[in-house]
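Engineer: Give me coordinates for this.
(chains A and B)
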Amino acid sequence: MAGTAAVVGVISGCSDKDDNGGGGINLGTGDIGILNYAYALEQLEAAFYKQVTDTPYAGITADETQLLADIRDHEIAHREFFKAALKTSAIVALEVNFSKIDFSKRESVLATAKAFEDLGVQAYNGAGKLITDPNYLALAGKIVSVEARHAAYIRDLISNGSFADSSVIDANGLDKALTPKQVLSIASGFLKSKLNANNLPTS
Amino acid sequence: MNIIKILEDIEKVDPEVYEKLDSRRSAMKQFANIGGKLALAAVPIALSGMFKKAYGQSTSTIVGVLQYALTLEYLEAAFYTQAVASATLLPTAAAKAAITTIRDHENAHVALLKKVIGDLGSTPVATPTFDFSAGNGSNNGPFKNVFTDYGLFLAVAQAFEDTGVRAYKGQAANLISNNDILTAALNIHSVEARHAAHIRSMRRAAAADSTIKPWITMNSTAGIGAAVQAVYNGEELTTQATVNIVNIGGFSISANAASEAFDEPLTKEAVLAIVDPFIV
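Structural biologist: Now for the predicted structure:
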């Protein structure tokens, strides 16, 4: 377990942040790798909601316009926070691939938003145990509950009352937790950039 | 006592044991290599200190967190159980279905926490007696109409859920030494956040008030008022780990959005003060 020094001050000097020759953008090792993993997912979400608000779907309501803009701002805030905190250890800006999404259709946009938000929750829940520094764990905790709020809102837009239905919550009343490999295999369908998570901690 | 054998055995179940004992992994390996030459009398003391460092919080700390969480889950479970049992409180089938879903989750959390506490060799705390009027047992507190006034019920539910989110968040560091329990707590934590968002959406719809959002804006109670201000104090942060989130990176991010983007933890003391009027 690392110490309790201020977060920004201690993130530094990870040099192997770029393509490592093994294919893909190397997220790195240890806590830095986990933070880059979160940064990658936030890049994906921020880019998605930017597109959603730039090209609103047909029939969007005033409420949806307001709250989807809020979500966009939250995801941009998360993305830029990780970028600022990681400094020179941050991975590059990722290229997204949204060719599967029809941004003119509410159904397509909300289905994608639901997938991203549930995936975000499951990713942070699964990454918690991989983090060694309690300060980073606290920061991940501050973000994951906001992602869960987004997930609930989006799910209710699709079908009111589905905010925490049995497709995501198990019989013990628990959300799911996914490993970085499981998450990235899903997220990769929306990314042109290839990510290399081989050096992330696994336990 | 064969320290090499002990470390090797531990490594089989925890491959990171050396890193947990000391971040200088190579030094620990070396220590293991020469362990056989150490004075045997010194070994038990050295081991005890090392393992305390390696595995962090004692079991009693973890059980303490779980008992605290169980108390909050008892509160929520009893609250929603009473709400669903009322024939007149919940005005629509959708409202009844949503509150039933939440009640079932809170009951499941109670059952899970009781089981884990038992598995750790402790006795789960008993269910307290609650006074959901916030009257400390008088049943005549400021929320005395909570089970007849739908708007008030949703307001109190919002306060409970947002408190629950902040309470679990405040305990994550105390569970960092136990991966399974940390993950379970995180998995409860995000469910509480889903509940909070839905209750807030119910309030937004019932009051036709677009200032009530699924997320927490600054330290606003979203119209509930001073009675629940303590639930939201501290949520107004717009700086995270010394990074200013307002207009971060040259993007137009308002102070409201900056505060909404991050939920904040609450200490156990703050949470217990918030729920005190509800516990007889």
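Engineer: Quickly note the distance from B:I188 to A:A197.
Structural biologist: 26 Å (CB to CB, to the nearest Å). C-betas here are computed from N, CA, C, even on glycine.
Engineer: Looking at those two, which one has more neighbours?
Structural biologist: B:I188 (26 against 22; other CB atoms under 10 Å in any protein chain shown).
Engineer: Can you give me the buried ones in whichever helix or strand that one is part of?
Structural biologist: Using DSSP states H and E, B:I188 maps to helix B:179-207. Within helix B:179-207, the residues that count as buried by 16 or more other CB atoms under 10 Å in any protein chain shown are B:181-205.
Engineer: Excluding covalently adjacent residues, which one is nearest to B:Q158?
Structural biologist: B:I199 (4.8 Å; CB to CB, 6 or more residues apart in numbering or on different chains).
Engineer: actually B:A95, not the one I typed
Structural biologist: B:M202 is the one closest to B:A95 (CB to CB, 6+ apart), at 6.7 Å.
Engineer: On the three-state scheme, A:K87 is what?
Structural biologist: Secondary structure assignment for A:K87 (DSSP: H, G, I helix; E, B strand; the rest coil): helix.
Engineer: ok, which stretches of chain A are strands?
Structural biologist: A:25-26, A:195-196 (DSSP state E).
Engineer: residues contacting the closest residue to A:A90 other than its chain neighbours?
Structural biologist: The shortest distance from A:A90 to any non-neighbouring residue, by CB to CB, 6+ apart, is to A:K83 (5.2 Å). By CB atoms under 8 Å, 6 or more residues apart in numbering or on different chains, A:K83 lies in contact with A:Y39, A:A90, B:G249.
Engineer: For the stretch 1-150 of chain B, which segments count as helices?
Structural biologist: Ranges of helices within the stretch 1-150 of chain B are B:3-13, B:17-21, B:25-34, B:43-55, B:59-85, B:93-119, B:150-171, based on DSSP state H, counting those that start in this stretch.
Engineer: Now do the same for the second one: mean pLDDT, whole number.
Structural biologist: Confidence over helix B:17-21, taken as the mean pLDDT, stands at 65.
Engineer: same deal with the first one?
Structural biologist: When pLDDT is averaged along helix B:3-13, the result is 68.
Engineer: In this structure B:D104 contacts A:G173, no?
Structural biologist: Yes: the criterion here is CB atoms under 8 Å, and B:D104 meets it with A:G173 at 7.3 Å.
Engineer: the more surrounded of these two?
Structural biologist: A:G173 (23 against 19).
Engineer: Distance check, the more buried one against B:H189.
Structural biologist: From A:G173 across to B:H189, the span is 11 Å (CB to CB).
Engineer: Could you do B:R166 as well?
Structural biologist: Taking CB to CB, one finds B:R166 at 10 Å from B:H189.
Engineer: How about A:T88?
Structural biologist: Taking CB to CB, one finds A:T88 at 32 Å from B:H189.
Engineer: number of nearby residues for B:A173?
Structural biologist: Neighbours of B:A173 (other CB under 10 Å): 21.
Engineer: Report pLDDT for it.
Structural biologist: Per-residue confidence (pLDDT) for B:A173: 95.
Engineer: Next, count neighbours for the residue lying closest to it once chain neighbours are set aside.
Structural biologist: Once flanking residues are discounted, B:A173 sits nearest to A:P134: 4.0 Å by CB to CB, 6+ apart. By the criterion of other CB under 10 Å, A:P134 has 17 neighbours.
Engineer: now do B:Q158
Structural biologist: The burial count for B:Q158: 26, using other CB under 10 Å.
Engineer: Report the separation between the residue nearest to the spatial centre of chain A and A:E117.
Structural biologist: Centroid-nearest residue in chain A: A:L41, 3.2 Å away (criterion: CA atoms, centre = their mean). From A:L41 across to A:E117, the span is 11 Å (CB to CB).
Engineer: Then B:D104?
Structural biologist: 22 Å.
Engineer: Now the residue lying farthest from the centre of chain A: phi and psi?
Structural biologist: Within chain A, A:G59 marks the point farthest from the mean C-alpha position, 27.2 Å out by CA atoms, centre = their mean. With angles defined as degrees, to the nearest 10, A:G59 sits at phi 80, psi 10.
Engineer: residue contacts, the residue nearest to it when sequence neighbours are not counted?
Structural biologist: Excluding the flanking residues, the one nearest A:G59 by CB to CB, 6+ apart is A:R106, at 6.1 Å. Shown in contact with A:R106 (CB under 8 Å, 6+ apart): A:Y57, A:A58, A:G59, A:I60.
Engineer: what residues are up against the last one?
Structural biologist: Think A:I60. Counting by CB under 8 Å, 6+ apart, A:I60 makes contact with A:L68, A:R106.
Engineer: Could you rerun that using 10 Å?
Structural biologist: A:I60 makes contact with A:V52, A:T53, A:L68, A:R106, A:V109 under the criterion CB atoms under 10 Å, 6 or more residues apart in numbering or on different chains.
Engineer: of all the strands of chain A, which lies closest to chain B?
Structural biologist: Across the strands of chain A, chain B has its closest neighbour in strand A:25-26 (19.7 Å, CB to the nearest CB).
Engineer: partner strands of that closest one, parallel or antiparallel?
Structural biologist: strand A:195-196 (parallel) (DSSP bridges).
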